[in-house]
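[1] Have a look; sequence and predicted model below, questions after that.
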Amino acid sequence: MENTLLVGLSRQVALARQLDVVANNVANLNTTGFKSDGSLFEEYIGPTARENGFRGADRNVRFVQDRGIWHDMSQGPMQQTGNPLDVAIEGEGFFTVQGPNGAERYTRNGSFQISATGQLVTGEGMPVVGEAGPIVFQQSDRNVMISKDGRVTVNEGGSVRTEGFRGKIRVVRFARPLDLIKEGASTFRAPAGLAAQPVATPNLQQATVEKSNVNGVMEMTRLIDITRTYTQIASLLQQQSDLRRNAIQQLADVPA
Amino acid sequence: MRALHTAATGMMAQELNVQVISNNIANMRTTAYKRQRAEFQDLLYEHVRRIGTQTSDQGNTLPVGVDLGSGVKTVGTPRIMTQGTLSPTGKDFDIAIRGDGFFKIQKPDGTFTYTRDGSFDMDAQGRIVTAQGYVVQPGITIPSNASAVTINTQGQVSVSVPGTTTPQVLGQITLTRFINQAGLSPIGDNQYVETPASGTPTDGLPTIDGMGDLQQGNLEQANVEAVTEISDLIAAQRAYEMNAKVISATDQMLSSTSNMMR
């Protein structure tokens, strides 16, 4: 008898979680290199109270549970910024950065800075990992150029124009990019067993950033969908409750 | 519900975004102003069902997890230090830098600030000073009988003195550069001071080591582009509205829950 309430409740809890995901996507509409999330649901088949081996058996009660959240790894739109230290990856691949505890993290946010010691770092100060260690600039370097394959070159000091090579940005890919775990600060972490492989021909765009791939219209549609479903279930539960109240009142109404 | 707070972080971030954009637009005509950009990152995730967890003794693992994000944060408002266009003014003491250097300015308290705003003037003692009256380094004093001040691309200040035919060289304006220009801290009046993030200043002469050359009779315009700022403003406003919609949707859901109780 309580099943309607509980089944409805399971859907409402899942919807509340889905709303959290949509809210996080919308909050990150303008976050560089952000990848939007989507929810997956599955049914949970409840155990039956009675034997169901004969005809007219009890039907299984099916609840809803959210099974997972997947990352939409599609390309975000490119925005030209004119800043020479902004790099965007076209197509697949991730920049490798060194996380707070020395472990490697991966990001699509190529809005880099130069640290006080001359290292190429992310906005959070995590060093960008090159193919041969960190990328370090000299005090007199100017006109930073980043080629499509990630070679970082500069014009070295002195009045003579000499080109200096400062390292190659490491761009990696994963066999199963959906397995990457979001760690905040626009970075991902690879779970155990998922190894980063180098991208043979990365396609980098200098002076460009990849915007968030959240689709505002899509998220608003999902939002309406979530609210309406939630309200419908609320009214369903309401009706169920009314039904029961009426039943109790009428059945217990002893005629005089 | 978490969604309320998540959307609130989104609204706060977009509010700051609009603030940065409005400051850029307000300074569109400020000499040598460098535009800023608000940079955002996602906040920490709560791993409700961790990906890769074993689901059975046979070694089956969860292919997808449940990671709930908690919104957005502002990571910084880096300055875009690209060159602004030069516009000729014809004034002798207007100097623009074409390159990475900064003018070094001494404040009355003896400390140094750095600026790319080269709209200088001469004070009563004949020194080259900023609009605030601070001396441009190294202090170059122009004799009162001098005429036709020329500042060449290398920063040499020369004047014509009555009675001589060759121009007299008074000194050379020095420039300063930083490895991380975006790390300089703005203190207003178009001036910046060094910070641990900017690195230590390197003094040098114009045209050497990427300092850039000087252009007399020109001023560097702000590097703000109206089209970029307006389109960013529209995007920020829409993002703000969408976050507000999430809040009202969450509110609606909460109210439908509380209405169930009568």
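    Here it is on my side, so go on. Everything quoted here is computed from the prediction, not taken from an experiment.
[2] Only C-alpha atoms from now on, for both contacts and neighbour counts.
    Will do.
[3] where does the stretch 151-256 of chain A dip in pLDDT?
    A:157-161, A:256 (pLDDT under 70).
[4] Residue numbers of it in contact with chain B?
    Residues of the stretch 151-256 of chain A lying close to chain B by Cα under 8 Å from any Cα of the partner chain are A:156-159, A:178-179, A:181-186, A:191, A:216, A:220, A:223-224, A:227, A:230-231, A:234-235, A:237-238.
[5] if you look at the residues you listed, which of them are in strands?
    A:181-182 (DSSP state E).
[6] Could you chop the chain up by domain?
    All of this refers to chain A. A:3-72+A:214-251, A:78-210 (automatic domain parsing).
[7] my bad, chain B
    B:2-28+B:39-76+B:224-259, B:86-220.
[8] Now which of the residues of the stretch 151-256 of chain A next to chain B would you call buried?
    A:156-157, A:179, A:181-186, A:220, A:223, A:227, A:230-231, A:234-235, A:237-238 (16 or more other Cα atoms under 10 Å in any protein chain shown).
[9] Please identify which residue in the stretch 1-150 of chain A comes closest to chain B.
    Closest contact between the stretch 1-150 of chain A and chain B, by Cα to the nearest Cα, is at A:A27 (3.9 Å).
[10] Hmm, that residue is touching B:A244, no?
    No - A:A27 lies out of contact with B:A244 (Cα atoms under 8 Å); the separation is 10.0 Å.
[11] The lowest-mean-pLDDT helix or strand in chain B - contacts with which helices or strands?
    One helix or strand of chain B scores below all others by mean pLDDT, DSSP states H and E: strand B:45-49, with a mean of 79. If you count contacts as 3 or more Cα pairs under 8 Å, 6 or more residues apart in numbering or on different chains; DSSP states H and E, strand B:45-49 packs onto strand B:66-69.
[12] Report the mean confidence score over the strand it packs on.
    Averaging pLDDT along strand B:66-69 yields 84.
[13] helix or strand for B:A244, which one?
    helix B:226-259 (DSSP states H and E).
[14] Go through that helix and flag the buried ones.
    B:229, B:232-233, B:235-237, B:239-240, B:242-247, B:249-254, B:256-257.
[15] Same list as before, the domains of chain B that is, but in TSV and with distance to A:I114 included.
    TSV is the format used below for the domains of chain B (distance: least, Cα to Cα, whole Å):
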stretch	distance to A:I114
domain B:2-28+B:39-76+B:224-259	14
domain B:86-220	5
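[16] how near is B:S70 to A:D66?
    18 Å (Cα to Cα, to the nearest Å).
[17] ok, these two, which is more surrounded?
    B:S70 (26 against 21; other Cα atoms under 10 Å in any protein chain shown).
[18] thought the more buried one was touching B:G10?
    No - with contact defined as Cα under 8 Å, B:S70 does not reach B:G10; the gap is 9.9 Å.
[19] Now the common contact residues for these two.
    Common contacts of B:S70 and B:G10 (Cα atoms under 8 Å, 6 or more residues apart in numbering or on different chains): none found.
[20] Return the residues of the stretch 101-250 of chain B in contact with chain A.
    So the stretch 101-250 of chain B meets chain A at B:178-180, B:182-183, B:196-200, B:202, B:207-210, B:236, B:239, B:242-243, B:246, B:249-250 (Cα under 8 Å from any Cα).
[21] at 10 Å instead, please
    Counting by Cα under 10 Å from any Cα of the partner chain, the positions of the stretch 101-250 of chain B adjacent to chain A are B:177-183, B:195-202, B:207-211, B:228, B:232, B:235-236, B:238-250.
[22] so B:M253 makes contact with B:L4?
    No - with contact defined as Cα atoms under 10 Å, B:M253 does not reach B:L4; the gap is 11.1 Å.
[23] who touches both of those two?
    Common contacts of B:M253 and B:L4 (Cα atoms under 10 Å, 6 or more residues apart in numbering or on different chains): A:19, B:247.
[24] show me the residues around residue 29 that make contact.
    Picked chain A for this. A:L29 neighbours (Cα under 10 Å, 6+ apart): A:35-36, A:211-216, B:10, B:14, B:40, B:72, B:235-236, B:238-240, B:242-243.
[25] meant chain B, my bad for not saying
    B:221-224.
[26] Tell me the one among those nearest to B:S160.
    B:Q221 (30.0 Å; Cα to Cα).
[27] Number of residues surrounding that closest one?
    Around B:Q221 there are 20 residues (other Cα under 10 Å).
[28] Does it touch B:T89 like I think?
    No - using Cα under 10 Å as the test, B:Q221 is too far from B:T89 to be in contact (11.3 Å).
[29] Helices along the stretch 1-150 of chain B, start to end?
    B:2-26 (DSSP state H, counting those that start in this stretch).
[30] do the stretch 101-250 of chain A as well
    A:216-251.
[31] For the residue of the stretch 1-150 of chain A closest to chain B, grab the count of nearby residues.
    35.
[32] Check A:D242 too.
    12.
[33] check contacts around it.
    Contacts of A:D242 (Cα under 10 Å, 6+ apart): A:236, A:248.
[34] Can you tell me the strand partners of the least confident helix or strand of chain B and which way each runs?
    When pairing is defined by DSSP bridges, strand B:45-49 lines up against strand B:66-69 (antiparallel).
[35] Just give me how far the strand it pairs with sits from the chain centre.
    Put simply, strand B:66-69 sits 34 Å off its chain's centre (Cα atoms, centre = their mean, to the nearest Å).
[36] which residues make contact with that strand from outside it?
    So strand B:66-69 is in contact with A:17-18, A:20-25, A:27-28, A:37-40, A:66-71, A:181-184, B:2-3, B:6, B:42-51, going by Cα under 10 Å, 6+ apart.
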